[in-house]
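Chemist: Here is the input, now give the coordinates:
(2 chains)
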Amino acid sequence: MSSLLVLAIVVVIGLIAFLIGRQRAAAQDNGTVKPHSRAHYHGWWAFLLAVLPALLLLAVWNIGSSFYLDHHIHAALPERTAESAVASEALDASLVKSLARGLRRLDAKALAALPATFAELQPLLAAKGVALATDTQDYMIPIAVEANTVQDRLGLIGAALTFALSIAGAFYALGQILPRARARNNVERLMLWGLLAASTIAILTTVGIVLSMLFQTITFFESVSPATFFFGTVWDPRFSAAGSGGSQGQFGLIPLLAGTLYIAFIALLVAVPVGLMSAVYMAEYASPKVRAVVKPALELLAGIPTIVYGIFAVVTLGPFLRDLSAALTGGSPFIQGQSIFTAGLVMGVMLIPVVSSLSDDIITAVPRAMRDGSLGLGATRSETIKRVILPAALPGIVGAVLLTASRAIGETMIVVLAAGVAANLTINPFEAMTTITVKIVNQLTGDLEFNSPQTLVAFALGLTLFVLTLVMNIVALYIVRKYREQYE
Amino acid sequence: MTDIAIDMTQAVAKPQRRDIGLKARYAAERRFRIYGVLAISVGLAFLAIMLITIVSKGYTAFWQTTVTLPISFDEKIIDPDNKRATDPDALVAANYPKLAENALVAKLGINPDDKVAVRKLKGFLSEGARVQLRNIVAADPSVIGTTRDVEILAAANLDSAFKGQIDLSVEEARRKVSDQQITWMNQLKASGVMAEHFNTGLFTYGASSRPETSGMGVAIIGSFYMMIIVLLLALPIGVAASIYLEEFAKKNRFTDLIEVNINNLAAVPSIVFGLLGLAVFINFLGMPRSASFVGGLVLTLMTLPTIIIATRAALAAVPPSIRSAALGLGASKMQMVFQHILPLAAPGILTGTIIGLARALGETAPLLLIGMVAFVADYPATPFDPATALPVQIYLWSNEAERAFVERMSGAIIVLLIFLMAMNITAIVLRRRFERRW
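Modeler: Residues are numbered from 1 along each chain as shown, chains lettered A, B, ... in the order given. Okay, here's the model as predicted:
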């Protein structure tokens, strides 16, 4: 019996309990005793008692039975010897499991007359659309069949227990219904726990990010030392080939980090002045009419996905700049089609609305009195902005720039398309350089196996990126918060 | 007269106005304003240039050239040995392109024995004709032996030539269509056989190595699945988390930790969420690669902070008097939140959700890592089947060299941008309409 079906039946039991509970509570209200909770709270309490413990049991049972099944398969496998056909016991067990999953597709008639050898079984399964690994062995077939029967039996027992618990919960709750029973408080307490659980998902996500990357990074550092990773100046991971231990690649972070920071720097060079000036203009000069048109337009610019910017950079702007530079020198172009400059420029434009909306908030947070004081003393508007507002808003603006920089460092699609893939160290902005995010994408797209340093390095890069942006974000958020408190 | 003289002497005697450089200061003021206007124009000009180049490259993708030919389903070609009753493969392996070629030869009035001329027809019609004609025969075998008009796609190069995108002044050997083919094309065009139609295939086909039969059908379905999953997971969880933090949580270390976390997650690069999905959902929990379900989960985690931040702002904007009134009338705290605060905050929550969804719809990088860059030709029946997403399909097409793919890519960008703008404009309108000052 599939878990989904069990789930559906449990919910149906719960709904029945809800209806009965509400009915019963309403019937008890005969005007003599004032009921504590309204009838539907009694119904919901019955529903929750019928469903929640049962689902908890189902989840625990499913996890437990999958462990038991693992244990069962391992015990049933023949002793490992030197001439075992399959490389490791774990692989052995996983082959049995995929075989067992494949056998599920066969109907009862085919299962009754199951062939004893893999060679005969394979076409049978292939007809059902199941592809099996070719090193599946004959001795695995009975184990897989046995595993399936054990799984069926466990599933049935689990379903029966779940239903029993669900019905017991429903009856218990229904028995509790009395006019003075505090059903509403019970339901609300559970709701509060639900709300709390939802808010911890944010923490779980962060923990998940850190742990998942940390484990892979530690495995990576077992084959490549941290010093050569963090201080290496050559990025040449080679192709991952299983078992070819000799051709170890070189994983130097420095060229990638340099490219990342260089592109982010150029992007900030574009985004900060333009974004800041437009925020100042919008906050201090623009008439409401202009504001009503320009603000949504800038928001639109922020709503365009980065892939579109990347495509624009690589299809239109890159070739244009290359041809332009060729025309300027009258021969060979000095700007390459994919270059730091192109990527930085486009990324800068992408970040304009980010800078402007962040600094808009900060500029409008400067108290009116400071502005009026300055204007009253005879300063022009631009003098007020330059000498009073901007200095007052400076910490906030620094925070905004840091937040923008962390966006620039983590940006992926623009650099994947426009910055190039060759990892070189250069200071010429018109050449191609690559970034951390580009290499994460490069190392992880396509077929991959999870134990080669070529794949694991992506997680080390990801962790570096995460830590880098995390530090910038924390500092920025701290500065912005400190600044806000100053004027509140 | 004397009055004037006195006035003049007084004017002379008046101390000179102190020079405070007013002229220079006003000039600086004007310059400053101009810088501001310039800054805004740079942003808007870039937006305009980008949209114009994309639309001018992509609008032609919505039309597709077809050739309507009277195909005679000749039994001698489809099933020469007459064994289709016994061998089901006979109809599958038949030489369907030959049928289309024969019809074209007849239409153009070429002598069928003129092998040289017939060979020049190669690459005129799409290779997709094979599948198209096979499906017609498979659906209705009685069609064999009859003749019926079929609309067949022109090959990508002819499609480009028909739209006038191929420079005919380039010498013949260096372009992809020959002069002979152009002559034939014009002949068919004059007789109305070859014409442009609205390109429904762009929205229905899956991945293909031929531009004319590739479309974003699979990508649209994949994106649709993911948006549904994000909506179903991120909205309830985000709202629940915000209610807890805004209405119930006491100010302590734990809630501080949650808050710092949410603010940080909102600024974590999206690619990191892709790494999380790969390591946890695919590698650890064993979920299928390339599935829109996993994509939906990753995008949910990514969208959650956006929704939480918007929802908290909306909840905080509801004035305390409403809370006090509800509590004063005897509502419990839970009843106050769900029956009074939440309905009042709904427009703000909705706006934040739409903006979060729009961000998720345009996101590419994390989906690349969980394997949604696969070549998927068939529609995914469930969210657990391999699929792609709209922005990923754009990325895939951007890696193709042929110009017809660039056209399709720009067309797909237009479609994506229309979706996103519709969502963003809805959010802006909602905010304007329901924005309430208390």
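Chemist: Please report how far the residue in the stretch 151-300 of chain B that chain A sits nearest to lies from A:Val210.
Modeler: With Cβ to the nearest Cβ as the measure, B:Pro269 is the residue of the stretch 151-300 of chain B nearest to chain A, at 2.4 Å. For glycine as for every other residue, the C-beta is placed from the backbone atoms N, C-alpha and C. B:Pro269 sits 14 Å away from A:Val210, going by Cβ to Cβ, to the nearest Å.
Chemist: List the residues that contact the residue nearest to B:Ala365 when sequence neighbours are not counted.
Modeler: Spatial nearest neighbour of B:Ala365, chain neighbours left out: A:Thr412 (3.7 Å); criterion: Cβ to Cβ, 6 or more residues apart in numbering or on different chains. Each residue near A:Thr412 by Cβ atoms under 8 Å, 6 or more residues apart in numbering or on different chains is listed here: A:306, A:437-438, A:440-441, B:269-271, B:364-365.
Chemist: Surely the residue of the stretch 151-300 of chain B closest to chain A touches A:Met413?
Modeler: No. Applying Cβ atoms under 8 Å, one finds B:Pro269 not in contact with A:Met413, separated by 11.3 Å.
Chemist: Quick one: mean pLDDT for the helix or strand containing A:Val416?
Modeler: Element membership of A:Val416 [criterion: DSSP states H and E] is helix A:413-418. The predicted model assigns helix A:413-418 a mean pLDDT of 90.
Chemist: returning to that earlier point: what's the residue nearest to B:Ala365 sitting at in phi/psi?
Modeler: When read as degrees, to the nearest 10, the backbone of A:Thr412 gives phi -110, psi -60.
Chemist: now swap in B:Leu125 and tell me
Modeler: Given degrees, to the nearest 10, the pair of backbone angles that B:Leu125 has is phi -100, psi 160.
Chemist: Which residues belonging to stretch B:154-172 are considered buried?
Modeler: B:154-163, B:166 (16 or more other Cβ atoms under 10 Å in any protein chain shown).
Chemist: now the end-to-end length of it.
Modeler: Distance across stretch B:154-172, first residue to last, is 20 Å (Cα to Cα, to the nearest Å).
Chemist: and it, anywhere near chain A?
Modeler: No. Using Cβ under 8 Å from any Cβ of the partner chain, stretch B:154-172 stays clear of chain A, with a minimum separation of 15.0 Å.
Chemist: just to revisit the earlier point, show me the buried residues of stretch B:154-172 that map onto helices.
Modeler: B:156-162 (DSSP state H).
Chemist: Reformat the residues you listed as CSV; add distance to B:Ala117 and pLDDT.
Modeler: Supplementary listing: those in CSV, determined by distance: Cβ to Cβ, whole Å; pLDDT from 0 to 100:
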residue, distance to B:Ala117, pLDDT
B:Ala156, 22, 84
B:Asn157, 18, 83
B:Leu158, 16, 83
B:Asp159, 22, 85
B:Ser160, 23, 84
B:Ala161, 19, 84
B:Phe162, 21, 84
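Chemist: Among those, list the two that are farthest apart in space.
Modeler: Using Cβ to Cβ, these span at most 10.6 Å, a distance reached by B:Ala156 and B:Phe162.
Chemist: what residue ranges in the stretch 1-150 of chain A score low on pLDDT?
Modeler: A:1, A:80-88, A:129-131, A:133-134 (pLDDT under 70).
Chemist: just checking, next helix/strand downstream of the helix holding A:Val416?
Modeler: helix A:436-444.
Chemist: which parts of the helix or strand following that next one are buried?
Modeler: Where DSSP H and E defines the elements, the next helix or strand beyond helix A:436-444 is helix A:453-487. Neighbour-count burial for helix A:453-487, counted by 16+ other Cβ under 10 Å, picks out A:453-466, A:468-470, A:472-473, A:476-477, A:479-480, A:483.
Chemist: anything in helix A:453-487 near chain B?
Modeler: Yes. Helix A:453-487 is in contact with chain B by Cβ under 8 Å from any Cβ, via A:458-459, A:462, A:465-466, A:469-470, A:473-474, A:477.
Chemist: and that helix, what does it pack onto?
Modeler: Under the contact definition 3 or more Cβ pairs under 8 Å, 6 or more residues apart in numbering or on different chains; DSSP states H and E, helix A:453-487 sits against helix A:183-223, strand A:250-251, helix A:390-410, helix A:436-444, helix B:253-265, helix B:270-276.
Chemist: and those, which is most packed in?
Modeler: When you average the neighbours per residue for each of the helices and strands packed on helix A:453-487 (mean count of other Cβ atoms under 10 Å in any protein chain shown), helix B:270-276 leads with a mean of 27.
Chemist: Export the contacts of A:Thr412 to JSON lines and append columns for pLDDT and distance to A:Leu345.
Modeler: What follows is these, written out as JSON lines (pLDDT from 0 to 100; distance: Cβ to Cβ, whole Å):
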{"residue": "A:Thr306", "pLDDT": "92", "distance to A:Leu345": "14"}
{"residue": "A:Thr437", "pLDDT": "92", "distance to A:Leu345": "18"}
{"residue": "A:Val438", "pLDDT": "91", "distance to A:Leu345": "17"}
{"residue": "A:Ile440", "pLDDT": "90", "distance to A:Leu345": "23"}
{"residue": "A:Val441", "pLDDT": "90", "distance to A:Leu345": "21"}
{"residue": "B:Pro269", "pLDDT": "92", "distance to A:Leu345": "20"}
{"residue": "B:Ser270", "pLDDT": "92", "distance to A:Leu345": "21"}
{"residue": "B:Ile271", "pLDDT": "93", "distance to A:Leu345": "21"}
{"residue": "B:Thr364", "pLDDT": "91", "distance to A:Leu345": "20"}
{"residue": "B:Ala365", "pLDDT": "91", "distance to A:Leu345": "20"}
